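*Asks:* The following comprises the amino acid sequence and a computationally predicted model.
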Amino acid sequence: MAEVAATLASREVGVKLKRFDVHQIIQHGGMAVSFVMLVITGLPMKFNSWPVSVWWAGVWGGVGNLRATHHFFAWMMVIVCVYHLAYLLYTLLILKRPFPVKMLPSAWDFITLFQEFKYFIGLRKERPDYDRFNWREKFDYWAIFWGIPVMAGSGFVLMYPVFVTQHLPGWLVTVAYVAHSDEAMLALTWIFMVHIFFAHLSPGVFPMNTSIFTGKVSREQYRREHPKELRSIEGETPQA
Amino acid sequence: MISKVKNSRLLLFLLVGVAVAGIFLLANQGKALALDENNCLACHGNPDRTKQLSDGIVISLYVDETGVASAAHRFIDCTDCHGTAPHAEASPLSKLSLAEKCGTCHAYEYKQHLASVHGQQLAIGNEDVATCVDCHSPTSNPHSVIRVLESNSPAYKKNIAQTCARCHQNSELMGNYGIVERVYESYMRSFHGKAIQLGATELSQLSQATCTNCHGVHDIKNTHDPASPVNGVQNLAVTCEQCHPGAGEQFAAGFLGHREASVDNVPAAHYAENLFRTLLISVISFGVVVVVGAVTRFSINRWKD
């Protein structure tokens, strides 16, 4: 045992810290897969007049197959969200873990956003002293809390327009069409422009940040991205 | 027993036979194969053949042989429509008299057409509107009418919207009749238009809704006519229900009527558009600022190193 500890200590540079548990890895994976599938089956239906959409719909064997696949992954995304909420309740009620207050938006996020802009334009030497989640990670997380009800709700109306209008007013279908289309453009532009850039393409993580797939982050990377949290972790359990 | 010499001779015959058949097929490609008992095409197949009318106007007497050969009526003789003594008539058929002539065989369709908005306008001498060949021939030419279930027919399911659009997308022409809706564009933005455009196979396209499914075919009515299947939300609901079982008036009430949403036309959709456009533009602009800022800073850092 002493040998193992010594080996670990000598490879301090290669130390990995656990950041996500297996449920969080599965939730992100399920969300990513269903999101990409919904985008590639939804876009040709929105931009139906583009020749590339006609070609792509043909590859799938027509709009019927596109819609069936879109509906399948829509249910998958809803199930992932239900899984996430169930997991949250499980950690709170069964495991008696504290509520994850570090994910809640706070005034500190606006301060770090301001600090980050100052860093970008050269008025600040260091990036902000981020805790467990930076403002972008929180934005991504809470955007889903707004986006899923809009997308799943409007999607349900568009899937069952006859059933819905038997109980609710007809303008809901028209509104759902507008909301589904525009909110989808918002989500995919944000994910592919901001999320993919900061999570995978920016310096330090390029070409890919594997932490959400393995659950582990190197100590070096932790110090760069979440310095405040690292100090609190290591304050509790000092490094040997 | 066949000798080796005979074998090679048989092979030669086969090759020559295939070559002759191939040349024959290629040479006859697209050749007119229409019934022409009185040999009318000998003269009228000449593109330069014209006639000067008494008022000095020159008209073409040319009949395109390839068009006739692929037409639905290729085995009906010229004289069936033009009479047994066509040269004795001043002008055998015109836009206004054509439908009646088609009606001598297609009596049911002619009767419906007479009661339609197009037929009623033709009856009072208006040549703006569509008659039989405007929808059944790709070139509005009675000599090249194509059967509805052939995929190059303008009345074939996936082509119908474009055929209607030949007139209904002309805003100047439509303006004369107070039709301001951009019907073709709004149809192509709708689920029905998308289903036709992305249908991939012609079989799946046949079951999708196009203009004629809601507005009627030969009996098409003005939408303000109480007899139109799309007049008022009650008629519209009945029409929707043909394909959407259980669809009621609320289902029909969400339809924008080929118009943009506005404060007078499904206002909820108008406000939803404004809300989501504002949200989209503001959030994405913010995202662009963040990414551009970051890219600039990271590039400067790299350059300094």
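*Replies:* It's in.
*Asks:* Let me see the ranges of the strands in chain A.
*Replies:* Counting by DSSP state E, one finds strands in chain A at the ranges A:16-18, A:216-218.
*Asks:* Relative to A:Leu123, how far out is the closest residue to A:Glu225 other than its chain neighbours?
*Replies:* The shortest distance from A:Glu225 to any non-neighbouring residue, by C-beta to C-beta, 6 or more residues apart in numbering or on different chains, is to A:Tyr130 (6.4 Å). Placement of C-beta: from N, CA and C, glycine included. Between A:Tyr130 and A:Leu123 the computed distance is 18 Å (C-beta to C-beta, to the nearest Å).
*Asks:* who has more neighbours, the two?
*Replies:* More neighbours surround A:Tyr130 than the other of A:Tyr130 and A:Leu123, with 22 against 9 (other C-beta atoms under 10 Å in any protein chain shown).
*Asks:* re the thing from before, now tabulate the strands of chain A in JSON lines and tack on mean pLDDT and mean neighbour count.
*Replies:* Below are those laid out as JSON lines (pLDDT from 0 to 100; neighbours: other C-beta atoms under 10 Å in any protein chain shown):
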{"stretch": "strand A:16-18", "mean pLDDT": "87", "mean neighbour count": "15"}
{"stretch": "strand A:216-218", "mean pLDDT": "88", "mean neighbour count": "18"}
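*Asks:* Chain B: which of these is closest?
*Replies:* Closest to chain B of these is strand A:216-218 (C-beta to the nearest C-beta; 19.8 Å).
*Asks:* ok, that closest one: who's next to it in the sheet?
*Replies:* Strand A:216-218 sits in its sheet next to strand A:16-18 (antiparallel), going by DSSP bridges.
*Asks:* ok now the partner strand, how far from the chain's centre?
*Replies:* Here the centre of strand A:16-18 is set off from its chain's centre by 20 Å, with C-alpha atoms, centre = their mean, to the nearest Å.
*Asks:* What of stretch A:206-224?
*Replies:* For stretch A:206-224, the distance from its own C-alpha centre to the chain's C-alpha centre is 15 Å (C-alpha atoms, centre = their mean).
*Asks:* Which residues outside that stretch are in contact with it?
*Replies:* A:12-22, A:24-25, A:28-29, A:127, A:199-201, A:204-205, A:225, A:229-230 (C-beta atoms under 8 Å, 6 or more residues apart in numbering or on different chains).
*Asks:* again, only this time at 6 Å
*Replies:* Stretch A:206-224 has contacts (C-beta atoms under 6 Å, 6 or more residues apart in numbering or on different chains) with A:15-20, A:25, A:28, A:199-200, A:204, A:230.
*Asks:* So which of those is the closest to B:Leu206?
*Replies:* Proximity of the contacts of stretch A:206-224 to B:Leu206, judged by C-beta to C-beta, is greatest for A:His28, which lies at 43.3 Å.
*Asks:* mind listing what the closest one touches?
*Replies:* In this structure, A:His28 makes contact with A:Ile212, judged by C-beta under 6 Å, 6+ apart.
*Asks:* and the gap between it and A:Ile144?
*Replies:* Look at A:His28 and A:Ile144: by C-beta to C-beta, they are 11 Å apart.
*Asks:* what do those two both touch?
*Replies:* With C-beta under 6 Å, 6+ apart as the test, A:His28 and A:Ile144 reach no residue in common.
*Asks:* For the strand or helix carrying B:Lys51, which strands pair with it and how are they oriented?
*Replies:* If you go by DSSP states H and E, B:Lys51 is part of strand B:50-52. Strand B:50-52 sits in its sheet next to strand B:58-60 (antiparallel), going by DSSP bridges.
*Asks:* Contacts for the strand it pairs with next, please.
*Replies:* Contacts for strand B:58-60 (C-beta under 6 Å, 6+ apart): B:50-52.
*Asks:* Quick one: mean pLDDT over that strand.
*Replies:* Mean pLDDT, strand B:58-60: 85.
*Asks:* for the helix or strand that it is followed by, what is the average pLDDT?
*Replies:* Downstream of strand B:58-60, the next assigned helix or strand under DSSP H and E is helix B:65-69. The average pLDDT within helix B:65-69 is 84.
*Asks:* and helix B:65-69, how far out from the chain's middle?
*Replies:* For helix B:65-69, the distance to the chain centre is 20 Å (C-alpha atoms, centre = their mean).
*Asks:* and if you look at stretch B:45-54?
*Replies:* Going by C-alpha atoms, centre = their mean, the spacing between the C-alpha centre of stretch B:45-54 and its chain's C-alpha centre is 30 Å.
*Asks:* Extract the CA atoms of that stretch and return them as PDB.
*Replies:* What follows is stretch B:45-54, C-alpha atoms only, in PDB (Å, rounded to 0.1, in the frame of the first residue of the first chain):
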ATOM      1  CA  GLY B  45     -45.700  19.900 -88.100                       C
ATOM      2  CA  ASN B  46     -43.800  22.700 -89.700                       C
ATOM      3  CA  PRO B  47     -42.800  25.300 -87.100                       C
ATOM      4  CA  ASP B  48     -42.900  28.100 -89.700                       C
ATOM      5  CA  ARG B  49     -46.500  27.600 -90.700                       C
ATOM      6  CA  THR B  50     -48.600  30.700 -90.000                       C
ATOM      7  CA  LYS B  51     -51.800  32.300 -91.100                       C
ATOM      8  CA  GLN B  52     -52.700  35.900 -91.400                       C
ATOM      9  CA  LEU B  53     -56.200  36.700 -90.000                       C
ATOM     10  CA  SER B  54     -58.500  39.300 -91.700                       C
END
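*Asks:* what comes into contact with that stretch?
*Replies:* Under C-beta under 6 Å, 6+ apart, the answer for stretch B:45-54 is B:58-62, B:65.
*Asks:* now stretch A:110-126
*Replies:* A:127-128, A:135, B:293, B:297.
*Asks:* try 10 Å
*Replies:* A:106, A:127-131, A:134-136, A:139, A:227-228, B:289-290, B:292-298, B:300 (C-beta atoms under 10 Å, 6 or more residues apart in numbering or on different chains).
*Asks:* how about low-confidence regions in chain B?
*Replies:* Within chain B, the stretches with pLDDT under 70 are B:1-5, B:30-32, B:91-92.
*Asks:* helices and strands around the single longest helix found in chain B, which ones?
*Replies:* When chain B is parsed with DSSP state H, its longest helix is helix B:267-304. Judged by 3 or more C-beta pairs under 10 Å, 6 or more residues apart in numbering or on different chains; DSSP states H and E, the packing partners of helix B:267-304 are helix A:107-120, helix A:135-159, helix A:171-190.
*Asks:* Can you say which of those is packed in most?
*Replies:* Of all the helices and strands packed on helix B:267-304, helix A:171-190 has the most neighbours on average by mean count of other C-beta atoms under 10 Å in any protein chain shown, namely a mean of 21.
*Asks:* tell me how far the helix or strand following it is from the chain's mean position?
*Replies:* On the C-terminal side of helix A:171-190, the nearest following helix or strand under DSSP H and E is helix A:196. How far helix A:196 lies from its chain's middle: 10 Å, per C-alpha atoms, centre = their mean.
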